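Novice: dropping the sequence and predicted coords here.
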Amino acid sequence: MANAISTEWEMVGFVLQTRPLFETHTGVNIAEVLKSTVTEWELGRVNHGIAVVTDNARNMDVPVREAGLAPHIKCFAHTLNSVAGLSVPRVSRLLAKVRRVAAAFHRSTTVTAVLASKQKQLDIPSHKLIIDVPTRWNSSLDMVERYLEQQAVVAAALLSTDIRRNAREIDNLDGSDIRDTEDFVKLLKPLKTATTVLCDEKKPNCISHCAIKAYG
């Protein structure tokens, strides 16, 4: 993938090639593919380096170094993703609780119907609870934000006689958990904003960095 800035100051990207690697994905083998790509597209220039952007996986250090490419730039958005802190035990337990509540409301048509009824009664948006994808922290943030939006509805639904006998299966959050979820959202929202800005494919990164600085 080659990136450039157009005359309209928009980021444009071009896929130079997509090549399968049938051999073992060792640093040496990946380096050979990188070198052949540089040669095939005549990218090499005397006294000029070729910048390479990769994620933070350790197995990318060797091929970039072996291919003689520099500078090697680690993706900042990927760095942000890796520091979200979802593996912290307290956060993991909190997310597991919210996930179980959301799953219960997805699993039962009766519970879903009660939820919809309570949303109308309490004049709260008719949104479904979200179940996150554990490997994507931003989906966990979406799940928690949606739970907080629907918190009153969830509590009212669990008091309904239609689902009270099954309420034991739903480990709802207590006051301490709610405070933790609110803190969780406050901490991760800036990360989501920064990641979204950095992943903008239309605007150059210098503009993105200014936006992030202004946000902070």
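Specialist: Looks like it came in fine.
Novice: distance check, the residue minimising distance to the centre of the chain against residue 29.
Specialist: Closest residue to the average C-alpha location of the chain: residue 138 at 3.8 Å, with Cα atoms, centre = their mean. Distance, residue 138 to residue 29, by Cβ to Cβ, to the nearest Å: 33 Å. Heads up, the C-betas are built off the backbone N, CA and C, glycines and all.
Novice: ditto for residue 46
Specialist: Counting by Cβ to Cβ - residue 46 and residue 29 are separated by 27 Å.
Novice: and the two? Which one has more around it.
Specialist: residue 29 (14 against 4; other Cβ atoms under 10 Å).
Novice: doesn't the more buried one belong to a helix?
Specialist: Yes: assessed by DSSP: H, G, I helix; E, B strand; the rest coil, residue 29 belongs to a helix.
Novice: ok, for it, nearest residue in space, not its chain neighbours?
Specialist: Spatial nearest neighbour of residue 29, excluding adjacent residues (Cβ to Cβ, 6 or more residues apart in numbering): residue 23 at 4.6 Å.
Novice: chain center to stretch 73-92, what's the gap?
Specialist: 9 Å (Cα atoms, centre = their mean, to the nearest Å).
Novice: what does that stretch rub up against?
Specialist: With contacts defined as Cβ atoms under 8 Å, 6 or more residues apart in numbering, stretch 73-92 is touched by 51-56, 95, 134, 137-138, 140, 180, 184, 187-188, 191, 194-195, 198-199.
Novice: one more time with 6 Å, if that's ok
Specialist: With Cβ atoms under 6 Å, 6 or more residues apart in numbering as the test, stretch 73-92 has contacts from 51, 53, 55, 56, 137, 191, 194, 195, 198, 199.
Novice: can you tell me which of those residues are in helices?
Specialist: Using DSSP state H, 137, 191, 194, 195, 198 are the members of those that sit in helices.
Novice: with adjacent residues omitted, what lies nearest to the last one?
Specialist: The shortest distance from residue 198 to any residue that is not its chain neighbour, by Cβ to Cβ, 6+ apart, is 4.5 Å, and that residue is residue 77.
Novice: now do the second one
Specialist: Once flanking residues are discounted, residue 191 sits nearest to residue 80: 5.4 Å by Cβ to Cβ, 6+ apart.
Novice: could you point out which element follows the strand or helix carrying that neighbour?
Specialist: According to DSSP states H and E, residue 80 maps onto helix 76-82. As assigned by DSSP H and E, the chain's next helix or strand after helix 76-82 is helix 89-107.
Novice: buried set for that following helix?
Specialist: Within helix 89-107, the residues that qualify as buried are 91, 94, 95, 97, 98, 99, 101, 102, 104, 105, counting by 16 or more other Cβ atoms under 10 Å.
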